[in-house]
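1. the following comprises the amino acid sequence and a computationally predicted model.
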Amino acid sequence: MKSPEGGWEGRAHNLFPYFMPFCIPYKGLITGLNLDGIHERYEGVLEILAQKECSLTKAMMQYGVPRNTIRDYIGRCELKIIDADKYKNVVQQATGEKGKTSVKCTEKHCRGALGEYQAQANKMKAEAKLLPFYPTEDFYNTKN
């Protein structure tokens, strides 16, 4: 029910998690190729996971980020943590001569670059330095 002032105060908790992006403020906007917000979200979920020793799902809910948001940008986030220099080079190469590219294209390039870091990524996931997403082999395929 709406409050006397006409707001949603009493209803937001009933709509969780569907209303979640509006209920829980998050840091950093994702605009264009400035994806600092997604890196902040990834690190925030990772921090909650380590501190609370809860499930990945609960950590994402507590931070207020949908699973698909993290999943869609996981290549960028993991590559930046594993090898920041390689990440910068991959983003620059994906951007190319035009000076811009789609976020999806950049994500594909990052996933392709992660192929050489699979063993290191799995070790870091076991040490809780990366989120426990275990992709299939086609994750690293950049031809799609």
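-> Noted; the coordinates are in hand.
2. which residues touch Ala113?
-> Residues in contact with Ala113 (C-beta atoms under 8 Å, 6 or more residues apart in numbering) are Leu79, Lys86, Tyr87, Val90. C-beta: built from backbone N, CA, C; applies to glycine.
3. helices and strands around the lengthiest helix in the chain, which ones?
-> Ranked by residue count, the top helix of the chain under DSSP state H comes out as helix 36-52. Helices and strands touching helix 36-52, by 3 or more C-beta pairs under 8 Å, 6 or more residues apart in numbering; DSSP states H and E, are helix 56-63, helix 67-72, helix 74-82.
4. for the contacts of Ala113, pick the one with the most neighbours.
-> Most neighbours among the contacts of Ala113, by other C-beta atoms under 10 Å: Leu79, with 24 neighbours.
5. check which residues of the longest helix of the chain are buried.
-> By neighbour count on 16 or more other C-beta atoms under 10 Å, the buried set for helix 36-52 is Gly37, Ile38, His39, Glu40, Arg41, Tyr42, Gly44, Val45, Leu46, Ile48, Leu49.
6. and it, how far from the chain's centre?
-> How far helix 36-52 lies from its chain's middle: 9 Å, per C-alpha atoms, centre = their mean, to the nearest Å.
7. show the average pLDDT along it.
-> The average pLDDT for helix 36-52 rounds to 90.
8. quick one: that helix to helix 74-82, angle?
-> Relative orientation of helix 36-52 versus helix 74-82 (axes from the mean of the first three to the mean of the last three C-alpha atoms, to 10 degrees): 70 degrees.
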